Structure formats: C-alpha cells, structure tokens
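> here is the input, now give the coordinates:
(6 chains)
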Protein chains: 4
Amino acid sequence: MAGVNKVILIGNLGKDPEVRHLEGGSTVANFTLATNEYYRDKQGTRIERTEWHNIAAWRGLAEMAEKFLKKGQQVYVEGKIRTRQYQDKDNQTRYITEIIADEITMLGSRPHGQEAAAGAPAAAEAPQTFRQEPELDQLPF
Amino acid sequence: MAGVNKVILIGNLGKDPEVRHLEGGSTVANFTLATNEYYRDKQGTRIERTEWHNIAAWRGLAEMAEKFLKKGQQVYVEGKIRTRQYQDKDNQTRYITEIIADEITMLGSRPHGQEAAAGAPAAAEAPQTFRQEPELDQLPF
Amino acid sequence: MAGVNKVILIGNLGKDPEVRHLEGGSTVANFTLATNEYYRDKQGTRIERTEWHNIAAWRGLAEMAEKFLKKGQQVYVEGKIRTRQYQDKDNQTRYITEIIADEITMLGSRPHGQEAAAGAPAAAEAPQTFRQEPELDQLPF
Amino acid sequence: MAGVNKVILIGNLGKDPEVRHLEGGSTVANFTLATNEYYRDKQGTRIERTEWHNIAAWRGLAEMAEKFLKKGQQVYVEGKIRTRQYQDKDNQTRYITEIIADEITMLGSRPHGQEAAAGAPAAAEAPQTFRQEPELDQLPF
DNA sequence: TTTT
DNA sequence: TTTT
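Take a look at the predicted model:
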C-alpha cells in the first residue's frame, strides 16, 4: 500500500550549507533549519519555541543550496522524513532523522548586514524556487 | 520570525496505540506508522522502502486513538515534527524525533481478519476525522 | 517573488476519468473528486458537507488516470490550483477553478460491486503512486 | 468516508483586506493573494505566471487580517477550498472558488515605502501566526 | 545554530 | 491587483 510522507517547513538556516562530494559522484548539501513557534503559557507569558531540523539536499538541489543559500535566510522547504541509523564511536546504534528536500523556495529578503552567496541573483531579480529532478532509478512504479 | 512545521503522512499503524496517563492529568497515545514508497532501481527491480514514524497524540486525540485505531489500519496524520532529548541507561544524551499529531483521519477499510477496537463506528458509518482541540495555554500570539 | 501553490486532497472520484487527446499531442484526463467533511451543527445534528473539485491530470499522469482510476475510488491528490477563463455560449466570460494534479496515490480498497479498470494491478499487488514527470519547458529557473 | 481538503499558499496580497460585518454577528475579511511561478518556455525565455486566489478569513481571523495585513505583504495561508454558487445580475447561476483560511503567517519584511496597518507589531517584534479558533458548531464528529 |  |  503506497503511502505519503511529506514535510512542509518555513524557517531560517542556522548555518551555511555544508556540501560534500561523495565517492560515486553524488553531491549532498546539509544545513539546519529553525522553525519558530510562539504561544502564551498559563501565566500569559510569551514563549518562543524553536525546533531544529536537519535538512539534506541531494544532487542538483545540493548545488543550488551551495550557490544561493546562506545562514539566516528564510526558506520554504518541502521534502520527506528519513531516519537512518549509524554506529557511534562506542559502536552503539544511533538514529538521526533528516528531511530530504524536494523543493526549496527563498522567501522574504536577505538579513541585514549579510551578503548573498556568490552567484546569487541580484536584489532586483525574483527570488527562486528549486526542485529536485527525479532520479531515473527512483521513479515510482 | 514565526515559521511553519507541518507533516502530512498516509500510512499503516505498526501496532495498537499505547496510551499512558501522566502525572498531572495529561493523556498521550503513542504508535508507529509505516509509510511505504515503491520505486525501481537501476536494474529495474521493484524496491519497497518503508519509513517508520513515531506518532504521539495528546489529550482528546489520545482518547480517540485509543478507541478507534488499531494495528494495520490506514490513516492520514497531520502534525508537526518534534525532536526531544533524553538520557539513556548509560547516561548519554539521545535524541528521538516524533510527530505530534494535530489531526487523524481513518482511511479505506479495516484489514481483513481484524476486529475494530471496541467502540469503533460500525462499518456502515462514515469513517472519521479527529482534530486536536487547542490548549488554552498554547494559543498563538 | 516565487510563491507556493499547493493542494492536498483525499476524496472519492465522482466519475470515471474522461480522457481527451488534444491537437498538438497532449493528453489530459479530467474527473471530479468529492471531499467529505462531517460536523455537528448548533442543534447537535450530524451534518455531511461535500466539496466537489475538478481535477485535471496531464500527459503521463492522464494515461495513468485512464488506466487505473475509476468512479468511487478513494485517492490522494497533490497538485496546484489553477483558475482559467472561457467564454460561455452567450459570449460571457466565465471562470473555472481546477486542480492540476502532480501526484495521485490510490488508497484503501476498491468499492464493492465495481471492477478495476482494465490493466489495473491485481488485488494482491501494492496500490500505487503516480507522479507527473516535469516538462522540459516548464522547469523552474 | 471522511476526506482531506487542504491548501497551502505563499504569496502576496493584491489589496488590503476588505472586512464586512454580517447580519448575525459574523465578521469576514476578503483579500486576493498572488502566487507567482517562474519557468522557461521552449525557447528558453523566462516566463512569470501569476495565479490569483480569493481568500476568506472568518471571525477572529478576519479581525487579525484587518489589523495586521496589508496590500503587498508576503504571507503563508493554510486553509481549504470552497466553491459556492450565486445568482448574477441576469439571474444566471455562477460559481466562485475561495480559500477559507485556517491559519495565516506573516513572512519576510514589509514592502518598502509602506506603513504597517495600525496596531501591527513594531519592527522589533516577531512576525506572527494567526489560527482560526474552531466554532463550537463545527467540531468534527 | 536562525529569525524578530 | 502582488512581489522581485
């Protein structure tokens, strides 16, 4: 039974994307994204709660992230949840949950006092949407 | 800067919900949800990939989950991602990512050879949607 | 400023898809989808409200719809809203809002007393997800 | 069979919200929202396509829209699709499709040369999310 | 570690 | 009718 696994986030990058070129030719960009929530507690005090998400962008989307995204920027990210396991230094099994991005849209304006990454569109140009191209070996059937 | 943290899943319960009544009066129901994805690899072989999600439903939604949801059932879950840390038995910090459900809708029909949970609507009745009522101390401001 | 225009529906087909082969070689499948909502009114009476959506699936997705979808079937549809205008028989401008599907997933089981469309997967096979392949002339920039 | 009818939009207000106080005590705010899409056509020319959506916000959300939203502002809107019919001046049945907003989040910064609506949060304050409170007579069952 |  |  086919299912749906979809995540929609709007938040700010906690750091510049880190790009790695893997053996085998793949490229992946990783960054953290903060989504902020505000509410009042029982005493009426305003509370801010920040959730941090690990974002992974692969292949073409990784290159876009490297070129156009910077720490602090507000973005829309659409993707899916993936939890993978790894062995830590004590050889214990650990789990990490990531969002595999399918689409990234730049929102609002750049933060003050911060330059766009090299190659980013000039202020006069329209901010952009980037979509992951489907891999030939990952088409649904 | 307010953000968005939204998850949309369609999958099948991996087990009956486990309900706990916490000190302080809250109720929480936990269950796992499998979302299946199908694709062909480079050799053209059909691959099935299952992602397991930890779902937490609180308060009124927990009671609904306890009454109406059972292992194997197909559901739509809307909610948000939350990662919390805890100390494991070796006093090491560990992280677990959960989906806090805001809305659960029952889909399709019950799996063969499986009874509905006690109190579930008869087959002739419309399957249902359950929404979390907002907590008075958690309204946005 | 790039935006987001996303629709997520779960409902039942109101009729079999109607497929048209347009001059120029495109194929489009149209069907209606009912999304049901249940609530109680002020008197406590159960109310059912049905919203009807016009779904359009293009190219590869149209062929999938023609092969695999039938009246009554429960599906997940992801797509975007598009309103287009046309002239009615009195030469007045009219508007119609459609959902252009990007992804369709078959849910649950087939309705009783109804055969699957020719070519549909056997009951024992996994229901399927179909995604629109991007058109070369419609990639984001 | 309960369904799902969900819309997620990011766009800019085409005009200030228009607020009406209906007989019976309800308040509704209406505004248009432009979602922009960019792509290249077969000749490689950059095309901008704008979709206009009719947004309706009721009750508490209408008051928030009136206070805090202005023409040009970039917002995230979550809601559902509703098509209603009415009689035009020639007594012909016409249809209009609207998005009934459940949640509105203000994004980015205010457009240059434009004042915030009276009562809007000062620049130093966090932009906000507004959610529709459920009506007692519209709870799911 | 972000943003306001 | 928006935005860049």
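> would you map the strands across chain A?
Under the criterion DSSP state E, chain A contains strands at A:4-13, A:18-21, A:27-40, A:46-58, A:74-87, A:93-106, A:129-131.
> most tightly surrounded among those?
Mean neighbour count (mean count of other CB atoms under 10 Å in any protein chain shown) peaks for strand A:4-13 among those, with a mean of 23. Where C-beta positions appear, they are placed from N, C-alpha and C, glycine not excepted.
> how about that one and chain B, touching?
Yes - contact between strand A:4-13 and chain B, assessed by CB under 8 Å from any CB of the partner chain, occurs at A:4-12.
> tell me what angle that strand forms with strand B:27-40.
Angle, strand A:4-13 to strand B:27-40, by axes from the mean of the first three to the mean of the last three CA atoms, to 10 degrees: 110 degrees.
> once you drop chain neighbours, what's closest to A:L22?
Spatial nearest neighbour of A:L22, chain neighbours left out: A:V28 (6.6 Å); criterion: CB to CB, 6 or more residues apart in numbering or on different chains.
> now do the contacts for the one you found.
By CB atoms under 8 Å, 6 or more residues apart in numbering or on different chains, A:V28 lies in contact with A:19-20, A:22, A:56-58, A:62.
> what's the helix or strand bottoming out on mean pLDDT in chain A packed up against?
Least confident helix or strand, chain A: strand A:129-131 with a mean of 90, by mean pLDDT, DSSP states H and E. Where contact means 3 or more CB pairs under 8 Å, 6 or more residues apart in numbering or on different chains; DSSP states H and E, strand A:129-131 is packed against helix A:59-68, strand A:93-106.
> any idea which of those gets closest to A:E37?
strand A:93-106 (16.9 Å; CB to CB).
> ok, and does the closest one reach over to chain B?
Yes - remark: strand A:93-106 sits within contact range of chain B at A:94-97, by CB under 8 Å from any CB.
> shaky segments in chain A?
A:109-127, A:135-141 (pLDDT under 70).
> give me the most central residue, it.
For chain A, A:I55 is the residue whose C-alpha lies nearest the centre (CA atoms, centre = their mean; 3.5 Å).
> my read: that one touches A:D102, true?
No - under the criterion of CB atoms under 8 Å, A:I55 makes no contact with A:D102, lying 11.1 Å away.
> overlap in contacts of the two?
Common neighbours of A:I55 and A:D102 (criterion: CB under 8 Å, 6+ apart): A:G79.
> farthest residue from the center of chain A?
Of all residues in chain A (CA atoms, centre = their mean), A:Q43 lies farthest out, 34.7 Å.
> and chain A, which residues reach chain D?
Checking chain A against chain D by CB under 8 Å from any CB, the hits are A:8, A:10, A:36-38, A:48, A:74, A:76, A:105, A:107-109, A:126, A:128-129.
> ok, what's across the strand from the closest residue to A:E78 other than its chain neighbours?
Leaving aside its sequence neighbours, A:E78 sits nearest to A:E103 (CB to CB, 6+ apart; 4.3 Å). Each beta-bridge partner of A:E103 is listed here, defined by DSSP bridges: A:E78, A:R131.
> A:E103: what's it in contact with?
When the contact criterion is CB under 8 Å, 6+ apart, the partners of A:E103 are A:76-79, A:129-132.
> in JSON lines, list those along with distance to D:K67.
Formatted as JSON lines, the contacts of A:E103 follow (distance: CB to CB, whole Å):
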{"residue": "A:Y76", "distance to D:K67": "25"}
{"residue": "A:V77", "distance to D:K67": "29"}
{"residue": "A:E78", "distance to D:K67": "30"}
{"residue": "A:G79", "distance to D:K67": "34"}
{"residue": "A:T129", "distance to D:K67": "30"}
{"residue": "A:F130", "distance to D:K67": "35"}
{"residue": "A:R131", "distance to D:K67": "36"}
{"residue": "A:Q132", "distance to D:K67": "39"}
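> among these, find me the one that's closest to DNA strand F.
The nearest member of the contacts of A:E103 to DNA strand F, counting by CB to the nearest atom of the strand, is A:T129 at 11.9 Å.
> contacting residues around the closest one?
A:103-106, C:2, C:140, D:37-38.
> ok, so of the residues you listed, who is nearest A:F68?
Nearest member of the contacts of A:T129 to A:F68, counting by CB to CB, is A:M106, at 6.7 Å.
> nothing else from me, thank you.
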